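J.: here is my input; please provide its structure:
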Amino acid sequence: DDLRAEGHAQLSLVAEINNALVGHILFSAVSIKGKNGVVEALALASLAVRPEWQRRGIGARLVEEGLNQCHKSGHRIVLVVGHPTYYHRFGFSNKLVETIASPYSGEAFMALELAPDALRGVMGTAHYSQPFAQL
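T.: Take a look at the predicted model:
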């Protein structure tokens with residue numbers, strides 16, 4: 001809610017079945033700041049599917065549609081902190097963030113280039129919107 005209220009949300013999608021909300025995905029602004037300047041990116045957070053609707057492809061459809069819409073809107077980079085096995089299948093990679101520091105660094109920190117070579121030469125620190133500091 002704070003991401004939306006403070007204007008950081010860039011894309012929010014919901015999944016509905018029989019007029020019931022069963023899933024949600026949100027992409028918000030994140031900046032990668034380094035000695036060569038600032039590179040704008042998106043953070044995929046959060047993705048949620050109601051437990052009784054999980055393992056039916058709803059989350060995957062939300063991720064795929066979200067990434068498609070982000071790409072069409074001209075965004076070039078998406079960062080995520082999540083289960084590597086799950087996000088690798090969408091093209092997210094730990095290798096792409098080897099030169100990016102983050103408060104969420106580790107094997108769960110990954111990136112996806114929506115444009116070829118969008119992260120080439122990018123080195124710096126990922127600065128997430130203030131609401132993430134509450135996590």
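
J.: can you pull the buried residues of stretch 37-55?
T.: For stretch 37-55, burial by neighbour count (16 or more other CB atoms under 10 Å) applies to 39, 41-45, 47-49, 53. For glycine as for every other residue, the C-beta is placed from the backbone atoms N, C-alpha and C.

J.: which single one of the residues you listed is nearest to residue 19?
T.: Using CB to CB, the shortest approach to residue 19 within the buried residues of stretch 37-55 belongs to residue 53, at 13.8 Å.

J.: that closest one touches residue 18, doesn't it?
T.: No: using CB atoms under 8 Å, residue 53 makes no contact with residue 18, being 11.1 Å away.

J.: the longest helix in the protein is where?
T.: Identified as the longest helix of the chain according to DSSP state H is helix 58-72.

J.: which residues sit against it?
T.: 10-11, 13, 15, 22-25, 27, 42, 44, 47, 49, 78, 87, 89-90, 112, 114-115 (CB atoms under 8 Å, 6 or more residues apart in numbering).

J.: what about these, which are in strands?
T.: 10-11, 13, 15, 22-25, 27, 42, 44, 47, 49, 78, 112 (DSSP state E).

J.: derive a ChimeraX selection command for the buried subset of those residues.
T.: Selecting only the buried members of these in ChimeraX, with burial defined as 16+ other CB under 10 Å, works like this:
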select :10,11,13,15,22,23,24,25,27,42,44,47,49,78,112
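
J.: and the ones in strands among the contacts of helix 58-72, which two are furthest apart?
T.: That would be 22 and 112, which, of the ones in strands among the contacts of helix 58-72, are the farthest apart (CB to CB) at 24.2 Å.
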